[in-house]
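In: Quick check, what structure comes out for this input:
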Amino acid sequence: MESITVAPELRGTKGDIVAARIEVPILVVMIYGIVGFIRWGWSLDHYFYTYAPVLGGVAASVGLFTYFFLVSVDRKQRRKTLLVQLGLLPYLYSLYIIGFFGLYTIFEGVVGVFSFWSMIGGVFWVFLGFHLSYRFYRMTEIVRQHDEKTT
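Out: As a prediction, this is how the structure comes out:
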């Protein structure tokens with residue numbers, strides 16, 4: 001099998017900064033979930049505000065750092081399916097942030113109890129989820145473009 005080289009944008013400190021910028025939105029949502037545990041307790045009644053952000057954040061972080069580790073070292077061609085599967089975790093987590101914390105919060109702020117603060121919070125969550133998905137997309141594009149140049 002042919003070995004694939006590492007993109008120069010993901011080598012060393014540059015790559016660490018790229019990964020850190022992707023991890024920050026995940027950590028923000030995980031902290032929100034931990035605060036939810038403190039406020040609402042361990043009950044499953046508030047699953048989407050407590051367990052899902054924390055456990056989903058752990059899964060997205062594991063997927064992100066495993067993906068980053070695999071693309072920042074020389075790798076074999078056969079690991080492409082593993083990269084695709086690991087790449088889905090941060091994307092799905094960003095969709096959860098946008099859909100539930102963002103759009104659902106905006107919907108509740110308009111239809112439920114009318115609240116500007118709820119709508120502003122929803123816009124914040126949409127921005128945070130978009131930031132996560134866009135940064136991860138940029139990293140995958142760097143890898144894809146580098147792989148196309150080398151083949």
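In: same for the helix or strand hosting Glu141, what does it pack against?
Out: Taking DSSP states H and E as the definition, Glu141 sits inside helix 116-150. Judged by 3 or more Cβ pairs under 8 Å, 6 or more residues apart in numbering; DSSP states H and E, the packing partners of helix 116-150 are helix 12-40, helix 51-71, helix 80-96, helix 105-107. Every residue, glycine included, has its C-beta placed from N, CA and C.
In: Wait, His46 touches Ile38, no?
Out: No: counting by Cβ atoms under 8 Å, His46 stays clear of Ile38, with 11.5 Å between them.
In: Compare these two (neighbour count), which wins?
Out: Taking other Cβ atoms under 10 Å, His46 and Ile38 do not tie; His46 has more neighbours (16 against 8).
In: what number of residues lie near the closest residue to the more buried one other than its chain neighbours?
Out: Excluding its sequence neighbours, the residue lying closest to His46 (Cβ to Cβ, 6 or more residues apart in numbering) is Trp40, at 4.4 Å. Number of residues near Trp40 (other Cβ under 10 Å) recorded here: 13.
In: what about Trp40, distance to Gly57?
Out: Look at Trp40 and Gly57: by Cβ to Cβ, to the nearest Å, they are 17 Å apart.
In: do Thr13 as well
Out: From Thr13 over to Gly57 (counting by Cβ to Cβ), the distance is 25 Å.
In: if you count what's nearby, which of the two comes out ahead?
Out: Using other Cβ under 10 Å as the criterion, Thr13 and Gly57 rank with Gly57 on top: 25 against 7.
In: residues contacting that one?
Out: Counting by Cβ atoms under 8 Å, 6 or more residues apart in numbering, Gly57 touches Ile26, Leu27, Val29, Met30, Gly33, Tyr93.
In: ok, of those, which come out buried?
Out: The neighbour count (16 or more other Cβ atoms under 10 Å) marks Ile26, Val29, Met30, Gly33, Tyr93 as buried among those.
In: Contacts only, for the spatially most central residue of the chain.
Out: Closest to where the C-alpha atoms of the chain average out (Cα atoms, centre = their mean) is Pro90, at 3.5 Å. For Pro90, the contact set (Cβ under 8 Å, 6+ apart) comprises Ile22, Ile26, Ala60, Gly63, Leu64, Tyr67, Leu132, Ser133, Phe136.
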